[in-house]
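> can you look at this prediction? I've put the sequence above it.
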Amino acid sequence: EVQLVESGGGLVQPGGSLRLSCAASGFTFDDYAMSWVRQAPGKGLEWVSAIHWDGSSTYYAESIKGRFTISRDNAKNTLYLQMNSLLSEDTAVYYCAKDLYASGGYNEYDYWGQGTQVTVSS
């Protein structure tokens, strides 16, 4: 059974940082690209970032480029999202998602985690 379990969310002040983690199990983690997707209150899903199966290429939405960094540790079956210089508009539920392919950038997923809440507020 595929499982994706996010952690690391919470309340942070504007300008602060958080590191999200996504622990994966039930599939061969390093066979697939992985992504982060978020959903702000009252809005639709927004793709945030993706990473190739081996971490060799990464992709970012314009809204977070230069502030967020995606990474993965294939030995630990874990995906990360380092979020710096957080803004109030980054407030959302953040989901990790398993891509259909080894290469990122296709935005096609077959499994999602349950999400972790990130709230940026003073």
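Cool, the structure landed. Please read all numbers here as calculations on a predicted model, not as lab measurements.
> helix or strand: which one has S35?
strand 34-39 (DSSP states H and E).
> what average pLDDT does that strand get?
For strand 34-39, the mean pLDDT works out to 98.
> show me what that strand pairs with in its sheet, parallel or antiparallel.
If you go by DSSP bridges, strand 34-39 pairs up with strand 45-51 (antiparallel), strand 92-99 (antiparallel).
> highest mean neighbour count out of the ones you listed?
Mean neighbours per residue, mean count of other C-beta atoms under 10 Å, is largest over those for strand 92-99, with a mean of 23. For the C-beta atoms, the positions are set from N, CA and C on the backbone; glycine is no exception.
> figure out which of the strands paired with strand 34-39 is closest to Y106.
Taking C-beta to C-beta, strand 92-99 is the member of these nearest to Y106, at 6.6 Å.
> how far off centre is that closest one?
5 Å (C-alpha atoms, centre = their mean, to the nearest Å).
> who's in contact with R38?
The neighbourhood of R38, defined by C-beta atoms under 8 Å, 6 or more residues apart in numbering, consists of 45-46, 48, 90, 92-95, 118.
> tabulate those (JSON lines), appending pLDDT and distance to Y101.
Shown next, in JSON lines, are the contacts of R38 (pLDDT from 0 to 100; distance: C-beta to C-beta, whole Å):
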{"residue": "L45", "pLDDT": "96", "distance to Y101": "19"}
{"residue": "E46", "pLDDT": "96", "distance to Y101": "21"}
{"residue": "V48", "pLDDT": "97", "distance to Y101": "18"}
{"residue": "D90", "pLDDT": "98", "distance to Y101": "27"}
{"residue": "A92", "pLDDT": "98", "distance to Y101": "25"}
{"residue": "V93", "pLDDT": "98", "distance to Y101": "25"}
{"residue": "Y94", "pLDDT": "98", "distance to Y101": "22"}
{"residue": "Y95", "pLDDT": "98", "distance to Y101": "18"}
{"residue": "V118", "pLDDT": "98", "distance to Y101": "27"}
